[in-house]
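Novice: what follows is a predicted protein model with its sequence.
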Amino acid sequence: MTHLRKDADACSLLDADHRAVKKLFKAYESLVGSRARDAAGQRLDLARQICQELTVHTAIEEEIFYPALREALKDTAPLAEAEVEHDSVKELIAQLETLDQADEAFDARVKVLGEYVDHHVKEERNQIFPAARAARRLDLLALRDELQARKDQLMGVTAD
């Protein structure tokens, strides 16, 4: 579970996800080409974790965050672009889930997935998050709580 400051908003929660998945991609990349006995297994575990994190992240954005922004923002073109980017990410995840890790394209797909995510994150940080924070009719704290609850549900996290 992501730990945030009390005053963190929905954008902060989503950006914490971005930073967490970036670390996973870096860990994966550090294992590519490794001759360590368990490197292949570690890479597969990381790839699965990356896919799960991204699947949950895109789901909460598409189910909760983007619809709320569509109601609050005049310019929704960046949201349409973000959704198209999500489609590309989901397609690569689907390919990774069906590929054998021994396939020479496996590492390449993980690398391209990371590049897609980097691009998407930059656009969210530079366009979508500032617009969300400037929107007067958007309660980003309540939205954060809704996003976190849905994320916990999708990740199978139970309340203590």
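Specialist: The structure has been received and is ready for your questions.
Novice: let me see the confidence value for residue 6.
Specialist: We have a pLDDT of 60 for residue 6.
Novice: sorry, that was for residue 3
Specialist: At residue 3, pLDDT is 53.
Novice: in stretch 52-66, which residues are buried?
Specialist: In terms of neighbour count (16 or more other CB atoms under 10 Å), stretch 52-66 has its buried residues at 53, 54, 55, 56, 57, 58, 59, 60, 61, 64, 65, 66. For glycine as for every other residue, the C-beta is placed from the backbone atoms N, C-alpha and C.
Novice: contact partners for the residue nearest to residue 75 when sequence neighbours are not counted?
Specialist: Leaving aside its sequence neighbours, residue 75 sits nearest to residue 131 (CB to CB, 6 or more residues apart in numbering; 7.1 Å). Applying CB atoms under 8 Å, 6 or more residues apart in numbering to residue 131 gives the contacts 69, 73, 75, 78.
Novice: format the residues you listed as TSV; extra columns: secondary structure and neighbour count.
Specialist: TSV is the format used below for these (DSSP: H, G, I helix; E, B strand; the rest coil; neighbours: other CB atoms under 10 Å):
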residue	secondary structure	neighbour count
69	helix	22
73	coil	18
75	coil	8
78	helix	17
